[in-house]
Structure formats: C-alpha cells, structure tokens
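**Student:** Mind looking at a prediction? Sequence and model below.
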Amino acid sequence: MRPKNDRKWIELIINHREMPVPYNFMFSPVSLKIAEQHYGSPIADAINLPIRMISPKSIKPLYADPAKFGDTAVDEYGVRWSTSAIDRGAPTGPVLKNPDLSGYRFPDPGLPYRFEDIENWCKKQEDHYRIIWVGDLWERATFMRGMENLLMDIVLHPGFVMELLSGITDYILGTMEILFERFEFEAIALSDDYGTQKGMIISPEMWGKFIRPFLAKIYGFAAKNGKKIFQHSCGYIIPIIPDLIELGLDILHPVQPEAMDIYYLKKEFGTDLCFCGGISTQDLLVRGTPEQVRNEVKRLKETMGKGGGYILEPGITIQADVLAHNLFAMIDEAKNI
C-alpha cells in the first residue's frame, strides 16, 4: 500500500527504512508527449510521482525547441548549443577558446527571472518530495572549454582548470544561497557525468584532485542548510563512490545497468547510499517486451527494495526510441504498490 505522505515516504527510503518502493521518471520531449497522451497532463500528477523536480530558469532551457529558438541557443555562460526537438542538443563550440579566464565574466546567479516560478511551485508541490536542480560542475566546464581541450588542460594548465571549476562552484553556491533563503524544499540535485559506460572520464586520482574539493563545498553547504543531496552521474563511477559517501551524498542517480551492476552496488554500498535507477533504456525498454519490462521492475522492487534505500527509475531520461508499450508497462508496474 502506498504511504499517504510522499515526503515522509522518500525520507524513510533515504534513511533505509524498508517500505514500498517509490518511483521516479524523467522524460524527453517525445516520451513526455507519448506518456501524457496515455495518462494525462501534467504527467507528474497523472501518474502520481512522489518526487517532484524543478530547476531555476535558464535563457536556454534544457530542451530548446528549434521552432522557438532557431538552430542554436545561448545559455547564461555564453555557450552556444544546437537545438533539437527530441533531445537537449550539444555545444557547438567552446566559449573559452584558450585556457585563460581573463576577460571572461561568470553569470550572475541572482538574476530575478531565474527564480520567478519557484515559490509557487514549492507551495503547489508541498505534499511531495521536492528536489531543485542547482547546476553542473565538471560538465559545465566541458561545455565551456570543450571536452578534449579540458582533458588536455588538466595536464598542461591545471591552475586554469581549478580557477574555472572554482568560478562555476561560486555560481552554484550563489544559486543555492538564494534557494535556501527564499524557498521550502527537501533536496538539491547536481548534474555531472563522471563516467563513460566503460570507465571514468578522468582517473579517480584526478577526480579527487580537481573535482572533489568543489563537490565538498557544494555538499557541505547543502548539509549545513538541512538539505539532502541528489547526485546525477551517468556511466561507471564505482571507484569514487566511497568518496561521494564520505562527502555526504544521499541519493546516487541514475545507475545505468549498462555501466554498473545495481545489485552489486546495493551489496557494497547499500547501507550508506540510496540508489535511484537501474532500468535499461538502451536494451530492455527499446528491445524487450512488456512482460520482460514488468518482470524486471518486479525484480528490482523485490531485491533492491530490501532494507530501503532504493527508488525505481530508468538508467537515464526516457528517450524517443523507448517503445510506448514498454513505457506504459514500466510505469504501470512501478505504480503497482
């Protein structure tokens, strides 16, 4: 039976109380349209998601529709993105063409338009577990400098990399300060991909040197203000999970089964972390049958749900290639509590 209070439900799950397994889903524009045609709109209410998420506004939204923005759109950091009707697009080139921040001005986190919808949202979602995205750190640096350039900078220009990450961290902390002062909610979310499906993008040692110190500031500020921490990182990141635990992480998302064995993670780290994810969007949801999807959802709930610390979700945002009947099977079985 579903608990009556969503906030208490998620809090108990994070604290490893064994209860019915909650669920969460993130949709791309195409999958959102399919889901809302089937279940109704808004989708969060239609399928009764216990977790609700929002982020401060950006002049370039996550999914920038070409019909509205044209072929490209520029974000607050000055990064120009290609636009797409089905995904978030990609940076078209680095805004920092050289390893030098002279002449570059970081955006102001306090611009009023960023927060204009959040107060009403927090009040409207007060019966649910509210998570606010506060930004990206390493990923943001790759968007600004370009992945290949940044990887070379780590070796050739380490001081520049630290200065860049420090500036991004200040923007995130500035955003958090405003959120904490003005709004009531339960957790922050940080989006950063530290892994590929085969291994980490940079070595654990380099991650510890360049990224960990700034995560410590972000996590520490959240904890000081009584907020739980939700960390998104695609890919294989097992070598740094002990670090994330030591820093105070509460929820690790999205646990791609193509990259990490979620059952192994539960065994090794299940008393210290809450895991969110585990359903394959690259294989099961695009190649499987509805029966296979339902069976996998049942298996995850039965196995991962033992001892709490698990939220059911696909291993990444539900993309356009996910089969509609599998999408419905996953959601229906997830809701079967």
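**Tutor:** Arrived safely, thanks for sending.

**Student:** just for the stretch 101-250 of the chain, where's the confidence low?
**Tutor:** For the stretch 101-250 of the chain, no stretch is flagged by pLDDT under 70.

**Student:** all helices of it, in order?
**Tutor:** Using DSSP state H, counting those that start in this stretch, the helices of the stretch 101-250 of the chain run over 118-124, 138-145, 147-156, 158-182, 204-210, 212-224, 241-247.

**Student:** between those helices, which gets nearest to residue 132?
**Tutor:** Of all those, helix 158-182 sits nearest to residue 132, with 5.8 Å by CB to CB. For the C-beta atoms, the positions are set from N, CA and C on the backbone; glycine is no exception.

**Student:** Counting by contacts, list what that closest one packs against.
**Tutor:** Applying 3 or more CB pairs under 8 Å, 6 or more residues apart in numbering; DSSP states H and E, one finds that helix 158-182 makes contact with helix 118-124, strand 129-135, helix 138-145, helix 147-156, strand 187-191, helix 204-210, helix 212-224.

**Student:** Out of the helices of the stretch 101-250 of the chain, which is the most enclosed?
**Tutor:** When the helices of the stretch 101-250 of the chain are scored by mean count of other CB atoms under 10 Å, the highest mean neighbour count falls to helix 138-145 (a mean of 22).

**Student:** Hey, what's the angle from that helix to helix 147-156? Just curious.
**Tutor:** Angle between the axes of helix 138-145 and helix 147-156 is 100 degrees (criterion: axes from the mean of the first three to the mean of the last three CA atoms, to 10 degrees).

**Student:** Report all helices and strands that helix 138-145 contacts.
**Tutor:** If contacts are counted by 3+ CB pairs under 8 Å, 6+ apart, helix 138-145 sits against helix 147-156, helix 158-182.

**Student:** What values do phi and psi take at residue 283?
**Tutor:** Main-chain dihedrals, residue 283, degrees, to the nearest 10: phi -130, psi -70.

**Student:** try residue 91
**Tutor:** As for residue 91, its main-chain torsions (degrees, to the nearest 10) stand at phi -60, psi 140.

**Student:** Could you dump the helices and strands packed on helix 138-145 into a markdown table and include distance to residue 259?
**Tutor:** Listed next are the helices and strands packed on helix 138-145 as a markdown table, based on distance: least, CB to CB, whole Å:
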| stretch | distance to residue 259 |
| --- | --- |
| helix 147-156 | 18 |
| helix 158-182 | 24 |
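
**Student:** Among the ones you listed, single out whichever gets nearest to residue 125.
**Tutor:** Between residue 125 and those, the tightest spacing by CB to CB is seen for helix 158-182, at 14.2 Å.

**Student:** so residue 80 touches residue 70, yeah?
**Tutor:** No - counting by CB atoms under 8 Å, residue 80 does not reach residue 70; the two are 11.1 Å apart.

**Student:** Look at these two and report which has more neighbours.
**Tutor:** Comparing residue 80 with residue 70 by other CB atoms under 10 Å, the one with more neighbours is residue 80, at 17 against 10.

**Student:** Who are the contact partners of that one?
**Tutor:** Counting by CB atoms under 8 Å, 6 or more residues apart in numbering, residue 80 makes contact with 72, 73, 74, 91, 92, 93, 95.

**Student:** Buried subset of those residues, written for PyMOL?
**Tutor:** In PyMOL syntax, the buried subset of the contacts of residue 80 is picked out as below (16 or more other CB atoms under 10 Å):
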select buried, resi 73+91+95
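
**Student:** Save the contacts of residue 80 as TSV, and put in distance to residue 260 and pLDDT too.
**Tutor:** Below are the contacts of residue 80 laid out as TSV (distance: CB to CB, whole Å; pLDDT from 0 to 100):
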residue	distance to residue 260	pLDDT
72	34	97
73	33	96
74	35	97
91	27	96
92	31	96
93	32	93
95	32	97
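
**Student:** Same list (the contacts of residue 80) but as JSON lines, adding distance to residue 328.
**Tutor:** JSON lines is the format used below for the contacts of residue 80 (distance: CB to CB, whole Å):
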{"residue": "72", "distance to residue 328": "35"}
{"residue": "73", "distance to residue 328": "32"}
{"residue": "74", "distance to residue 328": "37"}
{"residue": "91", "distance to residue 328": "34"}
{"residue": "92", "distance to residue 328": "36"}
{"residue": "93", "distance to residue 328": "40"}
{"residue": "95", "distance to residue 328": "41"}
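
**Student:** Rebuild the contacts of residue 80 as TSV, extending it with secondary structure and distance to residue 50.
**Tutor:** Formatted as TSV, those follow (DSSP: H, G, I helix; E, B strand; the rest coil; distance: CB to CB, whole Å):
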residue	secondary structure	distance to residue 50
72	strand	37
73	strand	32
74	strand	35
91	strand	34
92	coil	38
93	coil	40
95	coil	38
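
**Student:** Please identify the one among the contacts of residue 80 that lies nearest to residue 2.
**Tutor:** Closest approach between the contacts of residue 80 and residue 2, by CB to CB: residue 73, at 39.6 Å.

**Student:** in whichever strand or helix holds residue 11, what counts as buried?
**Tutor:** In this assignment (DSSP states H and E), residue 11 forms part of helix 6-14. By neighbour count, with 16+ other CB under 10 Å as the criterion, the buried positions of helix 6-14 are 6, 7, 9, 10, 12, 13, 14.
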